[in-house]
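S.K.: Compute the structure for the input listed below.
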Amino acid sequence: MQHFPLFLDLRGRRVLVVGAGLIAARKIALLRSAGAHVTVVAKAAHPSVQVQADRGEIELHLTAFEPRWLQGMWLVIAATDDEALNHGVAEAAAARQLWCNVVDDAARSSAQVPAIVDRAPITIAISSGGSAPVIARRLRERIESLVAPSIGALTALAQGQRAAIRRARPELSARRRFYHWLLDGPVHAALRAGRPRQAADLLTQALSQGEPPAPGKVLLVGAGPGDPGLLTLRGLRALNEADVILHDRLVSEDVLQLARRDALRISVGKTPGEDHEATQRRIHALMVEHARQGQTVVRLKGGDPLVYGRGGEELQLLRAHGIAYEVVPGITAALACGAYAGIPLTHRGLADTLTLATAHRREAAEQARSPRQHTQVFYMGVERLATLAAQLLRQGLPPDTPCAMVENGSRPGQRTLHATLASVAHEARTHAIASPALFIVGAVAALGQELAWFGQTLTPQGSAAAASAPEDAALLVA
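M.R.: Residues are numbered from 1 along each chain as shown. Model prediction:
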């Protein structure tokens, strides 16, 4: 082990920072967040550092560094762009047996500042010993995605009841079981739901009466449109909590690969031609069955679970059966397909109103309030595209109204067909556009031919082209 990991209590203790540029400003912010009394010595200060000094938040001395500034310090940070000065600070600190971090110079540092995951009072630190800080930061990003922010609140709650927990559970094994229950049971669930008072009451009740078995629950999770990078952090954590995953047909395999390896996966997706009501009843029965067995069930739905799905009906069923549930929103197809096709759904001067609709309703289209200032997005419109376009034309939209069909939005096989309202049905047949596809109508659709950056763009003339954005720009957006 090259470095010994250690957490320092800097509250009220003096720390010297030599340098006052942008890099030093970041270190100052980190030290202040830990409660340190920060003294800064530099010949000049960045405006953000000067503002903190003016407010009395730090002690700033605009002068050259001298070893006398180390008197009374607990820690030293050298953060200047002068290599010789940084070296001098490190040597002066070593002579006084003070720990010193020299920014971006592992060889001269006796202390390293790690990459940090802050879930106070839980703190997770990752260090490569200065040899590969980018790798440490990437590991931090992964850990950030797995550790819920509510862990901090749970730890603080348990910290406040530590003595009571020790009295109620004097045996170590019993205390361990209790802390596992805290983490996996209703106390943590209440904190995630933003109900700290309920969480405190549940903890107190468990201490006096014994913790009940952790009840089953259902997490209604939006998987997004298909690109696993669009899954939310809470969605990722839910997949790693799941004992059972009930997933729709359109949930991509890439998203499912992010789930716990030992989770039971059950495909419950509806297919064309089957009895959808019977399938929905089966989904309801599976949710209730597994939750009542004390399992954590993730009901994984494409897009957002409450936009043109039957998520609301599923929540009503769970509530009727007294089963705890949470909802994890996902990126709905309209937002994702518009973004990945380079189509801004609202745009100054072109569209200030957005309507999301399903083509499967009885009246598939409504009269636009202002055809030239209105974007309409239709879900599940491939089969009824010709009928839908005809209805919009009858309602007064001009035949040359720009529109787009986005097939497999955000996935590797994405194709975006640009056409007019008069030609879109013919062009969709010509290019064999198939579900899943989204139908976007309005002036903004034409912008996609200019702003496309992902997938294949199809033109009315039958030609096809890859998105023309620079490759590095596409990676940045992704």
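S.K.: how about the residue of the chain positioned farthest from its centre, secondary structure?
M.R.: In the chain, the greatest distance from the average C-alpha position (CA atoms, centre = their mean) is reached by Arg68, at 47.1 Å. Assigned with DSSP: H, G, I helix; E, B strand; the rest coil, Arg68 falls in the helix class.
S.K.: and if you look at Thr123?
M.R.: Note that with three-state DSSP, the state of Thr123 is strand.
S.K.: wait, isn't it in contact with Leu8?
M.R.: No: in this structure Thr123 lies outside contact range of Leu8 using CB atoms under 8 Å: 10.9 Å. C-betas here are computed from N, CA, C, even on glycine.
S.K.: just checking, what packs against the lengthiest helix in the chain?
M.R.: Taking DSSP state H as the criterion, the chain has its longest helix at helix 276-292. Secondary-structure packing of helix 276-292 (3 or more CB pairs under 8 Å, 6 or more residues apart in numbering; DSSP states H and E): strand 217-222, strand 244-247, strand 296-301, helix 311-320.
S.K.: Okay, buried residues for the following helix or strand past the shortest one please.
M.R.: Which is strand 244-247. Using DSSP states H and E, the helix or strand that follows strand 244-247 in sequence is helix 253-256. In terms of neighbour count (16 or more other CB atoms under 10 Å), helix 253-256 has its buried residues at Val255, Leu256.
S.K.: what is the mean pLDDT for helix 253-256?
M.R.: For helix 253-256, mean pLDDT rounds to 94.
S.K.: how distant is it from the center of its chain?
M.R.: 16 Å (CA atoms, centre = their mean, to the nearest Å).
S.K.: can you check stretch 13-32 too?
M.R.: When distances are taken as CA atoms, centre = their mean, stretch 13-32 is centred 29 Å away from the chain's centroid.
S.K.: just stretch 155-167 next, same as before
M.R.: Here the centre of stretch 155-167 is set off from its chain's centre by 31 Å, with CA atoms, centre = their mean.
S.K.: Next, the distance between the ends of it.
M.R.: Length of stretch 155-167, first residue to last, CA to CA, to the nearest Å: 18 Å.
S.K.: buried sites along that stretch?
M.R.: So stretch 155-167, judged by 16+ other CB under 10 Å, has buried residues Thr155, Leu157, Ala158, Gln161, Ile165.
S.K.: Now do that stretch: everything it contacts.
M.R.: Stretch 155-167 is contacted from outside by 119-122, 175, 178-179, 182, 187, 191, 196, 199-200, 203-204, 207, using CB atoms under 8 Å, 6 or more residues apart in numbering.
S.K.: what is the rounded mean pLDDT of that stretch?
M.R.: Rounded mean pLDDT across stretch 155-167 is 94.
S.K.: per-residue pLDDT, Gly152?
M.R.: Gly152 carries a pLDDT value of 94.
S.K.: Tell me where the model's unsure across this protein.
M.R.: By pLDDT under 70, the weakly predicted segments of the chain are 272-273, 360-372, 461-478.
S.K.: Kindly report the domain assignment for it.
M.R.: 14-113, 150-209, 217-331, 334-477 (automatic domain parsing).
S.K.: got a list of what the residue nearest to His321 when sequence neighbours are not counted touches?
M.R.: Leaving out its chain neighbours, the residue that sits closest to His321 by CB to CB, 6 or more residues apart in numbering is Val288, at 5.4 Å. By CB under 8 Å, 6+ apart, Val288 lies in contact with Leu317, Leu318, His321, Ile323.
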